[in-house]
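Asker: how does the following fold in three dimensions:
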Amino acid sequence: MLNSLGLDQTDVGATAALSRLLAALLCGGLIGLDRELHHRPAGLRTHMLVALASALFTLLTFEIVASVDPGNDSLGIDPVRVVEALTAGVAFLAAGTIIVNRGDVRGLTTGASLWLAGAAGLATGMGLYWLAYAVTGMALLVLVVMEGLKMAIAALARHWKRRRDD
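Answerer: Down below sits the predicted model:
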């Protein structure tokens, strides 16, 4: 069935490609969920799309490399360029979430999480699920646990300031 649709003619294979794309959606969605819950401009859908696009570009790179005649030295194929282009593209998108207003900088964490979602998508596109899942877990640890720690430290600082002022 897949063969008649031309879906298994690729270097990676349709099932593996779909699995990688779904894993990218999962990683991007988990990272984006935190940003969504904090009402940030780039939330769940944006992170999912960034991760999905990164995985797709990675899969397309595999296809391009597989379709080139290895004996043709006139083509300068460098798959690392895709990583460079993804990094630059996602960084550009992430920069759009950063707002500077009278010295107050907002959106850095969202920008960084977009960049990380792109990297997780790249990892899933390469089939490195363990790496993508580990990074996603670490990102959630930073986004959730560190936010709680930051709030606890701020509350403690307010408490000590009131105590000192009394």
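
Asker: which pLDDT does the model give the spatially most central residue of the chain?
Answerer: Compute the mean C-alpha point of the chain, and by CA atoms, centre = their mean the closest residue is A117, 1.0 Å away. At A117, the pLDDT value in this model is 93.

Asker: helix or strand for it, which one?
Answerer: For A117, the host element (DSSP states H and E) is helix 108-125.

Asker: residues of that helix that come out buried?
Answerer: 109-125 (16 or more other CB atoms under 10 Å). Using the backbone N, CA and C atoms, a C-beta is placed for each residue, glycine as well.

Asker: on the three-state scheme, the residue nearest to G29 when sequence neighbours are not counted is what?
Answerer: Distance criterion CB to CB, 6 or more residues apart in numbering; nearest residue to G29, sequence neighbours excluded, is M48 at 4.8 Å. Recorded secondary structure, M48: helix (DSSP: H, G, I helix; E, B strand; the rest coil).

Asker: M48 and L30 touch, don't they?
Answerer: No: using CB atoms under 8 Å, M48 makes no contact with L30, being 9.4 Å away.

Asker: the residue nearest to the centre of the chain against C27, yeah?
Answerer: Yes: the pair A117 / C27 is scored as a contact, 6.8 Å apart, by CB under 8 Å.

Asker: shared neighbours of the two, which are they?
Answerer: A51 (CB atoms under 8 Å, 6 or more residues apart in numbering).

Asker: which residues does I64 contact?
Answerer: Applying CB under 8 Å, 6+ apart, the residues near I64 are I77.

Asker: give me the three-state assignment for it.
Answerer: When the rule is three-state DSSP, I64 gets the label helix.

Asker: need the pLDDT of it.
Answerer: 80.

Asker: quick one, what contacts A53?
Answerer: A53 touches 118, 121, counting by CB under 8 Å, 6+ apart.
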